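K.L.:
Make a model of this:
(chains A and B)
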Amino acid sequence: MDYLLLQMLNGVQLGLLMFLLAAGLTLTFGIMDLVNLAHGSLYMMGAYIAWTLIGWTDSFVLGAILALPATFLLGIAVEAVVMRRLYARDHLDQVLATFGLILFFNELVRVIWGPAGKSIAVPQFLSHTVDILPGVPYPAYRFAIIAVGAVVAVLLAWLVARTRVGMLIRAGASNRRMIGALGINIELLFSLVFGLGAVFAALAGLMAAPLTSVKIGMGDDILILAFVIIVIGGIGSIKGAFVAAMVVGQIDIVGRAFLPDFLKTFMSSAAASSAAPAISQVLVYVLMAGVLVWRPTGLFGQRN
Amino acid sequence: MAALLASLRTPRGLIVALILLVFAILPLLTQAFDQRYLLSIGTRIVIWSIAAVSLNMILGYGGLVSFGHAVFFGIGGYAVGILAANGLQSGWLQWPVAIAASVLWAALVGALSLRTRGVYFIMITLAFAQLVYYVSAGLEAYGADDGLNISRSRFDGLIDLRDKASFYWLCFVLLLGTLWFCSRFANSRFGFVIRGAKSNDLRMTALGFPVFRYRLAAFTLSGAFGGLAGILLANEGAYVSPAMMSWVKSGDLIVIVVLGGMGTLFGPLYGTIAFFVLEESLKPLLDLGHKGWGEYWQIVFGPMLVLIALYARGGIDSLLGRRHG
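P.N.:
Residues are numbered from 1 along each chain as shown, chains lettered A, B, ... in the order given. Predicted coordinates for the structure are as follows:
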């Protein structure tokens, strides 16, 4: 029972990280109609930039906080140099160009930081554990991720639902030509949204770094999962991204944690522990296929 | 025959003839100049060309951006690999099974994914490819992540695939067959429905064509030829692994088709050659600038893709002048 609770918390934590990544992706998708494969590169750049800044400032929090404006600027620059030219193009051009950007960023990281992975230590003040129930400890750092993720999710929901910028974002997602015709500076809005997406991606990357490691291509696999999430949730829908991220997080973690024991009832133990992660990944894709067959534009996507 | 000779008089026809001629005698050339390494690159170019031609059928002619085409490398390859690992070495058994598996998978994925449009289609094809990728990475009995060493398929008494030149020629003949099939496809009524649906599927539906069924048929055919490329790739390296069908390979295939010229018969061929030549030449070129830079060739290649996407949509084929017909 305790084990189940811990694993579900891990699932929430993974889900929130993926939500941060998916939120930026679904916004750029929904508003600019842009397939941005290079979003995972921003996740990776966030982690690497944070690694450097944490080294300079000697403080996790300070380095992390400085890394966010840095990736915001990076996002703005990428938008201005490449993305802006892609909005009017078809999806194939976007896939091709952003695929090129992935190759570029992966190689750039290799040039600047070298081929070996980096590690970011869990900050001192979060390296202890917290008892969630009497006698059931849980790492404080993972709690911090859940807290930050939840705060950002609430902030984002507030931004989109309650502010003028959010209103423009929602209007842009439903009809971008119309808001342009109404005199809104769409170019500025697009830059802003892209920069915001970059910040969220970087935040996810640098928070995940102490749990995994900072390495080249770290954003690529999780990016595909983020795509699956926004497709399940419905492109352009923050709410959909959140729901789907939570579900996918649970499937992934619970699958990894409990499938091996289940499989061992009819498989050898080595085969079970190798097959379980594969099966939990497969479950995620089966879920997506099921949702798309049922609703071809995702759970909360716009239907015409 | 007369039409064939007439097409030789255009620059495009001349270039195609030249390329095919060089490919036809490549093993003799590499032997004469003692460049065995080039034959192995040549073999891979021919195999990747088959895959690119098959992707071009749906991407170029059909406008369906499938981002999971490398999965057929994996399915064709693993069908051969799994049978070989179980002691079934005969190509007469392995190859039909591999093609059948590819066809079945393509039909299933097509039936589900062709219900969706645009970005959803791109993502669902990618996701299904990832699904197979993770399944193969979980196959403990067949090497999981590390892959599986196999011996080449046996066609006893007919051809020995272990002989590099014979294997190359077999691949080349199969490429010619694939190109022939694709030209028949593109100019058939079936092909015209697919091409019509690319520019306006609503109108094609209104004209009474069951667009979904036509597209499904094209998707399945494309999968069959993709599987063929997978069989050949597995035999070329005598090795199968999940990395064969990583999503980066699917991206590479899209790059190749766009680079060569979408919806043109020989575009995928130009694209594959250009892709491999770029890969092999950027390294030494960068090394000329500064020793050791060659390792980072993708830092140049990446932005090149961006520029191609932005400014060179017609691909290499459009550089050869306007097409007639």
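K.L.:
Report the outermost residue of the chain with respect to its centre.
P.N.:
Picking chain A for this. A:Phe266 (35.7 Å; CA atoms, centre = their mean).
K.L.:
my bad, the chain I had in mind was chain B
P.N.:
Going by CA atoms, centre = their mean, the residue of chain B most distant from its centre is B:His290, 34.0 Å out.
K.L.:
Does stretch B:48-55 reach chain A?
P.N.:
No - applying CB under 8 Å from any CB of the partner chain, one finds stretch B:48-55 separated from chain A by no less than 11.9 Å. The C-beta positions use only the backbone N, C-alpha and C, and glycine is treated the same way.
K.L.:
Identify all contacting residues around that stretch.
P.N.:
Contact with stretch B:48-55 is made by B:66, B:69-70, B:72-73, B:171, B:174-175, B:178-179, B:182, B:221-226, B:228-230, B:232, B:253-254, B:256-257, B:260, B:268-269, B:271-273, B:275-276, as judged by CB atoms under 8 Å, 6 or more residues apart in numbering or on different chains.
K.L.:
Would you list the buried entries among those?
P.N.:
Buried members of the contacts of stretch B:48-55, scored by 16 or more other CB atoms under 10 Å in any protein chain shown, are B:66, B:69-70, B:72-73, B:171, B:174-175, B:178-179, B:182, B:221-226, B:228-230, B:232, B:253-254, B:256-257, B:260, B:268-269, B:271-273, B:275-276.
K.L.:
List, out of those residues, those positioned next to chain A.
P.N.:
When the buried ones among the contacts of stretch B:48-55 are checked against chain A using CB under 8 Å from any CB, the ones in range are B:Ile254.
K.L.:
re earlier: would you say the residue farthest from the centre of chain A is within a helix?
P.N.:
No - counting by DSSP: H, G, I helix; E, B strand; the rest coil, A:Phe266 is not found in a helix; it is coil.
K.L.:
May I have the phi/psi pair for it?
P.N.:
phi -140, psi 10 (degrees, to the nearest 10).
K.L.:
all helices of chain B, in order?
P.N.:
Secondary structure of chain B, counting by DSSP state H: helices at B:2-7, B:11-24, B:26-32, B:36-59, B:71-85, B:91-113, B:118-137, B:164-186, B:189-206, B:211-237, B:247-260, B:267-289, B:298-311, B:315-319.
K.L.:
What distance do you get for B:Leu233 to B:Ala243?
P.N.:
Separation of B:Leu233 from B:Ala243 (CB to CB, to the nearest Å): 11 Å.
K.L.:
my bad, A:Asn36
P.N.:
In this view, A:Asn36 and B:Ala243 are 25 Å apart by CB to CB.
K.L.:
These two: who's more crowded?
P.N.:
Using other CB atoms under 10 Å in any protein chain shown, the more surrounded residue of A:Asn36 and B:Ala243 is A:Asn36, with 28 against 18.
K.L.:
Only the buried residues of stretch B:146-155, if you could.
P.N.:
For stretch B:146-155, by 16+ other CB under 10 Å, it's B:147-148, B:150, B:152-155.
K.L.:
low-scoring stretches of the chain, by residue?
P.N.:
Went with chain A since none was named. A:1, A:274, A:302-304 (pLDDT under 70).
K.L.:
Please refer instead to chain B.
P.N.:
For chain B, the ranges with pLDDT under 70 are B:1-8, B:322-325.
K.L.:
Taking the centroid of it, which residue is nearest it?
P.N.:
Nearest to the mean C-alpha position of chain B, counting by CA atoms, centre = their mean, stands B:Ala51 at 1.4 Å.
K.L.:
What's the separation between it and chain A?
P.N.:
Distance, B:Ala51 to chain A, by CB to the nearest CB, to the nearest Å: 17 Å.
K.L.:
Report the separation between that residue and B:Ala186.
P.N.:
17 Å.
K.L.:
And B:Ile273, by the same measure?
P.N.:
From B:Ile273 over to B:Ala186 the distance is 20 Å, taken as CB to CB.
K.L.:
just A:Gly205 next, same as before
P.N.:
As judged by CB to CB, A:Gly205 and B:Ala186 stand 45 Å apart.
K.L.:
Repeat that for A:Phe227.
P.N.:
Distance from A:Phe227 to B:Ala186, by CB to CB: 31 Å.
K.L.:
the more surrounded of these two?
P.N.:
Taking other CB under 10 Å, A:Phe227 and B:Ala186 do not tie; A:Phe227 has more neighbours (30 against 19).
K.L.:
got the contact list for that one?
P.N.:
Applying CB under 8 Å, 6+ apart, we find A:Phe227 in contact with A:25, B:123, B:126-127.
K.L.:
Check B:Ala234 too.
P.N.:
B:76-78, B:80-81, B:150, B:240, B:244.
K.L.:
Most neighbours among those, please name it.
P.N.:
Of all the contacts of B:Ala234, the highest neighbour tally under other CB under 10 Å goes to B:Gly76, namely 35 neighbours.
K.L.:
could you pick out which of the contacts of B:Ala234 are near chain A?
P.N.:
Of those, not one also sits near chain A (CB under 8 Å from any CB).
K.L.:
Show me what the longest helix along chain A packs onto, helices and strands only.
P.N.:
Looking across chain A with DSSP H, the single longest helix is helix A:2-32. With contacts taken as 3 or more CB pairs under 8 Å, 6 or more residues apart in numbering or on different chains; DSSP states H and E, helix A:2-32 sits against helix A:39-57, strand A:129-133, strand A:136-139, helix A:140-162, helix A:164-174, helix A:186-208, helix A:218-233, helix A:238-264.
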